[in-house]
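Q: Below: sequence and its predicted model.
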Amino acid sequence: MSSLLTRVKLKQIEQSIEKGQRLDQRTLSDYRDFKIEQGVIEKAEGSARILLGKTEILVGVKIETGKPFPDTPDNGVLTVNAELVPLASAKFEPGPPGEQAIELARIVDRGIRESGAIDTAKLCIASGKKVFVVFVDIYVLNHDGNLIDAAALAAVSALINAKMPNYEIVDDKIVIKQGYTPLQMKDHPVTVTIGKINDKLLVDPGLVEEEVMDSRISMAFTEDGNVCAVQKGGAGYFTLEQIIEATKLAQSTVESLRKKLKW
Amino acid sequence: MKDKTIKLLNKKGLRLDGRKLDELRSVKLEVGILPNADGSAYVEHGKNKIIVGVFGPREMHPKHLQRADRMVLRCRYHMAPFSVPERKSPAPSRRENELSKVIRDSLLPSLFVENYPRTGVDLYIEVLQADGGTRCASITAASLALADAGLPMRDIVVACAAGKVNGKIALDLMDTEDKLGDADVPVAYMPNLNAITLLQMDGKLSTKEFEEAVKMAIEGCKKISNIQKEALQTKYKVIKQEEVEE
């Protein structure tokens, strides 16, 4: 945003949003087209790649055995991590995950965890000793805005695609058998992000819109229409009325997305 | 995962610590407690004990993080190893990283960042004891510390959470309620502007319950806001008296 040209452009976008027009001819409540491909990485237990506009995210699921957390000895472990790979944007830098990556991973994590999509009790092998650990790794390959929704959609798609190794317990030891069974899922949460530019709410903000918007709100919904995770972000604010409006907008968007997704 | 058999409400509808559904825990705030910081505040919210220090506006280091058109707010939320039942490693966790970010986002709307180009303000939050709702208590104290540092502000940000315990919407969840309850909705708010600057949620709520929880949290915010103002005034009242004595 340092050059004058961009500032002029940003101002233009702001003004056209004010009139309800967006750069790519979408209305304020339109979602970009997206395409999801499952099973793109053979070596992963589950995987999915999403293309949302030009945002591209690959999610790989690895399922391994490990120790449970001491406070939940009978539950398997779900771990979500996000990498903003430097090749995806000039603004991403190599190194350990920064705030943006950690927030992204934790929003996706909350959506999946709080919806109860994965029954972690079923991932227990031996109480307090051995459980299955489900690693969900989000790999951002191209940044064109709204990483949150794209990552959440890809993560759930990869989990639907995931298969569990068959095993049996022989003399207190786990023997991995041949073959796989699909990972059971009890819910399929969908997350929708709404941006705010000058008191206008817009669905699925693109990269340039993200530069202009002062805040966003991401909401995850379960299949039965309950809210299971919310996150406000950005240095601006929402009024209570705007939150209520955003909730309705997010809910109707989730409904139309579900029709396309056929989950 | 969540054990629903534990009763969080008794027959009279009172909570584990005897509070009503819409009752806050006791909140104590103190301003200007750190001699070396430019602004500081201490909060006791129920059993939460949190100390906040502000340094700046000062020259921003490292220089490449400077912004020619604004001040940069850096925020670190950190929990002491002894603040929770099982020792927490002092290295910043992913949770602490995320909270540092959302707390910063919740405070920025209150500040006139464009008035202090090239400067940095560092905000350090140390949670000495945690009992649920630390991010809210941190924001309440942090905004006071910023005010104490003499920064002009649009409003003092105040935060409070609401949630759902045993099927009922309740205000200001403590740790046990947060862990065993159905949902938690932390909200940060600027009362004079009707502006919500932080909103998160985890758990399961219908959209109606969600709205109800946000509204209840805002009511809680308004109550804490009065305590905030009192705390800020108290500091300057004391100074005034000293001057009179001289």
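A: Noted; the coordinates are in hand.
Q: which residues does the most centrally placed residue in chain A contact?
A: Geometric centre of chain A, nearest residue: residue A:152, 1.8 Å, by C-alpha atoms, centre = their mean. Applying C-beta atoms under 8 Å, 6 or more residues apart in numbering or on different chains to residue A:152 gives the contacts A:107-108, A:111-112, A:189-191, A:220. C-beta coordinates here come from the backbone N, C-alpha and C atoms, glycine included.
Q: try residue A:69
A: Per C-beta under 8 Å, 6+ apart, neighbours of residue A:69: A:75, A:77.
Q: secondary structure class for the residue nearest to the centre of chain A?
A: Secondary structure assignment for residue A:152 (DSSP: H, G, I helix; E, B strand; the rest coil): helix.
Q: Can you give me the distance of it to residue A:259?
A: 17 Å (C-beta to C-beta, to the nearest Å).
Q: hmm, the longest helix seen in chain A touching chain B?
A: Across chain A, the longest stretch assigned as helix under DSSP state H is helix A:240-261. Yes. Applying C-beta under 8 Å from any C-beta of the partner chain, one finds helix A:240-261 touching chain B at A:240, A:243-244, A:247-248, A:251.
Q: Any chance you could list what contacts the helix or strand of chain A with the lowest mean pLDDT?
A: In chain A, no helix or strand scores lower on mean pLDDT, DSSP states H and E than helix A:4-18, which sits at a mean of 82. The contact list for helix A:4-18 (C-beta under 8 Å, 6+ apart) reads A:1, A:22-23, A:28, A:197-198, A:200, A:202, A:208-209, A:211-212.
Q: Check what contacts the helix or strand just after it and list those residues.
A: On the C-terminal side of helix A:4-18, the closest following helix or strand by DSSP states H and E is strand A:34-38. Strand A:34-38 has contacts (C-beta under 8 Å, 6+ apart) with A:46-53, A:150, A:153-154, A:157-158, A:160-161, A:261.
Q: which element follows strand A:34-38 toward the C-terminus?
A: Where DSSP H and E defines the elements, the next helix or strand beyond strand A:34-38 is strand A:46-52.
Q: Next, the residue nearest to residue A:128 when sequence neighbours are not counted: phi, psi?
A: Closest residue in space to residue A:128, ignoring its immediate chain neighbours: residue A:73 at 3.7 Å, by C-beta to C-beta, 6 or more residues apart in numbering or on different chains. Per-residue torsions, residue A:73: phi -70, psi -20 (degrees, to the nearest 10).
Q: ok, residue A:73 to residue B:84 distance?
A: Separation of residue A:73 from residue B:84 (C-beta to C-beta): 19 Å.
Q: that older thread, next, the angle strand A:34-38 makes with the longest helix of chain A.
A: Using axes from the mean of the first three to the mean of the last three C-alpha atoms, to 10 degrees, the inter-axis angle of helix A:240-261 relative to strand A:34-38 is 50 degrees.
Q: mind listing what's buried in helix A:240-261?
A: Using 16 or more other C-beta atoms under 10 Å in any protein chain shown as the test for burial, helix A:240-261 gives A:240, A:242-244, A:246-247, A:249-250, A:253-254, A:257, A:261.
Q: same thing with stretch B:119-130?
A: Buried residues in stretch B:119-130, defined by neighbour count with 16+ other C-beta under 10 Å: B:119-127, B:129-130.
Q: from these, which is closest to residue B:6?
A: Ranked by distance to residue B:6 (C-beta to C-beta), those are led by residue B:130 at 20.2 Å.
Q: Pull the most distant pair out of the buried residues of stretch B:119-130.
A: The two members of the buried residues of stretch B:119-130 with the most space between them (C-beta to C-beta) are B:119 and B:129, at 32.7 Å.
Q: How about the residues of the stretch 101-250 of chain A by chain B?
A: Counting by C-beta under 8 Å from any C-beta, the stretch 101-250 of chain A sits next to chain B at A:102-103, A:105-106, A:110, A:113-116, A:120-121, A:215, A:217, A:222, A:225-240, A:243-244, A:247-248.
Q: Which of the helices or strands spans the nearest residue to residue B:124 once chain neighbours are set aside?
A: Nearest residue to residue B:124 in three dimensions, chain neighbours excluded: residue B:53, at 4.8 Å (C-beta to C-beta, 6+ apart). Assigned by DSSP H and E, residue B:53 belongs to strand B:48-59.
Q: And the very next helix or strand once past that strand, what does it pack against?
A: On the C-terminal side of strand B:48-59, the closest following helix or strand by DSSP H and E is strand B:72-79. In this structure, strand B:72-79 makes packing contacts with helix B:94-107, strand B:119-129, helix B:134-148, judged by 3 or more C-beta pairs under 8 Å, 6 or more residues apart in numbering or on different chains; DSSP states H and E.
Q: So for residue A:98, which of the ones you listed sits nearest?
A: Closest approach to residue A:98 among the helices and strands packed on strand B:72-79 (C-beta to C-beta): helix B:94-107, 8.2 Å.
Q: Can you check what angle separates the closest one from helix B:134-148?
A: Going by the same axes, to 10 degrees, helix B:94-107 makes 40 degrees with helix B:134-148.
Q: and the closest residue to residue B:44 other than its chain neighbours, which of the three is it?
A: Sequence neighbours aside, residue B:28 is the residue nearest to residue B:44 in space, at 4.3 Å (criterion: C-beta to C-beta, 6+ apart). What three-state DSSP gives for residue B:28 is strand.
Q: Report how many residues lie close to residue B:28.
A: 11 (other C-beta atoms under 10 Å in any protein chain shown).
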